[in-house]
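>>> Fold the following.
(one chain, ligands or ions: 8)
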Amino acid sequence: MGSHSFAPGSSALAVLACFLSVAVICNGGTTSPFVRKIWPSVDMPFDSDVFAAPTGHNAPQQVHITQGDHVGKGVIVSWVTPHEPGSNKVHYWSEKTGRKKHSENTVVKTYKYYNYTSGYIHHCTIKDLEPDTKYHYVVGSGHVRRQFWFVTPPEVGPDVPYTFGLIGDLGQTLDSNVTLTHYQQNPYNPKSVLFVGDLSYADDHPLHNNLRWDSWGRFVERSVAYQHWIWVSGNHEIDYCPEIGEYTPFKPYLHRYEIPYRESNSTSPLWYSIKRASAYIIVLSSYSAYAIYTPQYVWLQEELPKVNRSETPWLIVLMHTPLYNSYNYHYMEGESMRVVFEPWLVQYKVDVVFAGHVHAYERSERISNVAYNITNGLATPVSDPNAPVYITIGDGGNIEGLAKNMTEPQPEYSAFREASFGHAIFDIKNRTHAYYSWNRNNDGIATEADSLWFRNRYWDPVKESS
Ligand SMILES: *[C@@H]1O[C@H](CO)[C@@H](O)[C@H](O)[C@H]1NC(C)=O
Ligand SMILES: *[C@@H]1O[C@H](CO)[C@@H](O)[C@H](O)[C@H]1NC(C)=O
Ligand SMILES: *[C@@H]1O[C@H](CO)[C@@H](O)[C@H](O)[C@H]1NC(C)=O
Ligand SMILES: *[C@@H]1O[C@H](CO)[C@@H](O)[C@H](O)[C@H]1NC(C)=O
Ligand SMILES: *[C@@H]1O[C@H](CO)[C@@H](O)[C@H](O)[C@H]1NC(C)=O
Ligand SMILES: *[C@@H]1O[C@H](CO)[C@@H](O)[C@H](O)[C@H]1NC(C)=O
Ligand SMILES: *[C@@H]1O[C@H](CO)[C@@H](O)[C@H](O)[C@H]1NC(C)=O
Ligand SMILES: [Fe+2]
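Ligands and ions are numbered 1, 2, ... in the order given. Coordinates of the predicted model:
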């Protein structure tokens, strides 16, 4: 596929539509003319620099961290040792005190997948850290000690500024590497990643070659060993493959990524919540049951009333499959979950819903489609100040390539869409304002291809304009 293909027709159409209709109808909906990617959609070869294993016998690799409790005072440190279990200990000390501590609160897991056998996957949960503090930590022992650091989030509170990064559907192609590089160079200096699902795309290889899970772990270590990434499961985490005797959904993902789900009284690592600074983050599972009476439904029903906007003004929901999507890829796949959950998203004034799955970028207007019932025919989204903005950020750049085919004309609810790879940041300033910005890989990191000043739905529900 052409690396610089162009879709002038659609943009011309959008511009024409703007001239012909009143502003209220047009709503500024833009289909960007850029349809761009840089490289062919193939995974980087195993001998690429980004996949290099650390030297030394049994050295810890694939080091990654995530939040380890509900409020951000805990961390889960994970790593893989290839040949033997090795040390269970994480040594750590805060830069403030320098006092050395260690934790052995470690679970070691292994799994088999067809003819693949994993290394020793360690998950060490450390609690009661000081807020807003830099910690150094060491995994491994003897001559294969490896040292990293992270900064704990500030204490939860309503006006605490905090900058999140957003990455989805990353995979391990040359495009993925550009996305990660741009993320790391982002001038807003994002502090942790909200990752909206589809990590390694190992399942796109014969027999779901799980060596691609390992190589992905080594690829992203350069960020996730230093920053908490908050995980969401996607369809490429399911790894359900009865043809080769693999019947347990999410087996590789759930062995490799430890989630603090019990801390939010969830019964599954596939849905959970955390507080971080001034944000309350709810993670949902597009590929688990969510209809009435199911565990996820019951959990979310009990969870939403717990969110105290005086404590965490920003209510962010993450899922893999978008509820609003105007691309011809995965079109309406989120519809059944939308029908079940959208009334709650509006009722509880969710600020923003981030999703992935569609390998492109899209941002919606604040709209809802909850009036519809089977007899009234009101099946059109309407402008709704209580509704979230829906953002599809599945544009990390994976082996499956770019989603370029859009529904035409662009629906009114779609504010901006573009088929390019990239990432975004959500930069919370205080309880009323957050700055959102999307970067496309093809331009310099300082170029903002789409941006919006978010106004908090609870404290300051005025209309935004980009
Ligand atoms: C697993 O089986 C495949 C296909 O037969 C083969 O190519 C691969 O080398 C095997 N891997 C291991 C670890 O045995
Ligand atoms: C990936 O990106 C990093 C950082 O820009 C660079 O050092 C590395 O050489 C890249 N690797 C490949 C295979 O492109
Ligand atoms: C979980 O449930 C327990 C027992 O009902 C309760 O004390 C605790 O506050 C709940 N935690 C969260 C985060 O909702
Ligand atoms: C909500 O949070 C505020 C600020 O932390 C606190 O003062 C208030 O008691 C909380 N409300 C409830 C119902 O817990
Ligand atoms: C469907 O909507 C119509 C019009 O708003 C309303 O009169 C009717 O009661 C609704 N039916 C149900 C089952 O909610
Ligand atoms: C785009 O998607 C539509 C609907 O699935 C399909 O009919 C059409 O052929 C596709 N166009 C291209 C260029 O792939
Ligand atoms: C919140 O942040 C916005 C954007 O930086 C600023 O304009 C506004 O004055 C701030 N509000 C308060 C109460 O500080
Ligand atoms: Fe997906």
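>>> Check which helix or strand the nearest residue to Asn105 once chain neighbours are set aside maps to.
Nearest residue to Asn105, sequence neighbours excluded (C-beta to C-beta, 6 or more residues apart in numbering): Thr125, at 5.1 Å. C-beta here means a position set from N, CA and C on the backbone, and glycine is covered the same way. Here Thr125 sits within strand 120-126, counting by DSSP states H and E.
>>> who touches the next helix or strand after that strand?
Where DSSP H and E defines the elements, the next helix or strand beyond strand 120-126 is strand 134-139. Here strand 134-139 makes contact (C-beta atoms under 8 Å, 6 or more residues apart in numbering) with 60, 63, 75, 77, 79, 87, 89-96, 122, 129, 145-152.
>>> For the residue nearest the centre of the chain, give me phi and psi.
Nearest to the mean C-alpha position of the chain, by C-alpha atoms, centre = their mean, lies Phe195 at 1.9 Å. The phi/psi pair for Phe195 (degrees, to the nearest 10) reads phi -100, psi 110.
>>> Check whether it really touches Phe164, as I assumed.
No: using C-beta atoms under 8 Å as the test, Phe195 is too far from Phe164 to be in contact (10.4 Å).
>>> Pull the contacting residues for Ala355.
Ala355 neighbours (C-beta under 8 Å, 6+ apart): 168, 196, 318-323, 325, 334, 390-394.
>>> Can you name the residues bridging to it?
Beta-bridge partners recorded for Ala355 (DSSP bridges): Thr392.
>>> could you check the distance from it over to ligand 1?
For Ala355, the distance to ligand 1 equals 34 Å [C-beta to the nearest ligand atom, to the nearest Å].
>>> same check, this time on His182
Relative to ligand 1, His182 is positioned 35 Å away (C-beta to the nearest ligand atom).
>>> What is the neighbour count of that residue?
19 (other C-beta atoms under 10 Å).
>>> what sits against it?
Gly422, His423, Asn439, Asn441, Ile445.
>>> SS state for it?
For His182, the assignment made with DSSP: H, G, I helix; E, B strand; the rest coil gives helix.
>>> which non-adjacent residue is nearest Val307?
Val307's closest residue in space is Tyr280 (C-beta to C-beta, 6+ apart), at 4.9 Å.
>>> in the sheet, who's paired with that neighbour?
Where Tyr280 sits in a bridge, its partners, by DSSP bridges, are Lys275, Leu315.
>>> so who does it touch?
Counting by C-beta under 8 Å, 6+ apart, Tyr280 touches Ser273, Ile274, Val307, Thr312, Trp314, Leu315, Ile316.
>>> Adding neighbour count, pLDDT and distance to ligand 3, write those out as JSON lines.
Formatted as JSON lines, these follow (neighbours: other C-beta atoms under 10 Å; pLDDT from 0 to 100; distance: C-beta to the nearest ligand atom, whole Å):
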{"residue": "Ser273", "neighbour count": "25", "pLDDT": "99", "distance to ligand 3": "7"}
{"residue": "Ile274", "neighbour count": "27", "pLDDT": "98", "distance to ligand 3": "9"}
{"residue": "Val307", "neighbour count": "19", "pLDDT": "98", "distance to ligand 3": "10"}
{"residue": "Thr312", "neighbour count": "24", "pLDDT": "98", "distance to ligand 3": "12"}
{"residue": "Trp314", "neighbour count": "28", "pLDDT": "99", "distance to ligand 3": "17"}
{"residue": "Leu315", "neighbour count": "23", "pLDDT": "99", "distance to ligand 3": "15"}
{"residue": "Ile316", "neighbour count": "25", "pLDDT": "99", "distance to ligand 3": "16"}
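>>> how about those residues in CSV, adding distance to ligand 1?
Conversion of the contacts of Tyr280 to CSV gives the following (distance: C-beta to the nearest ligand atom, whole Å):
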residue, distance to ligand 1
Ser273, 38
Ile274, 37
Val307, 46
Thr312, 46
Trp314, 46
Leu315, 45
Ile316, 40
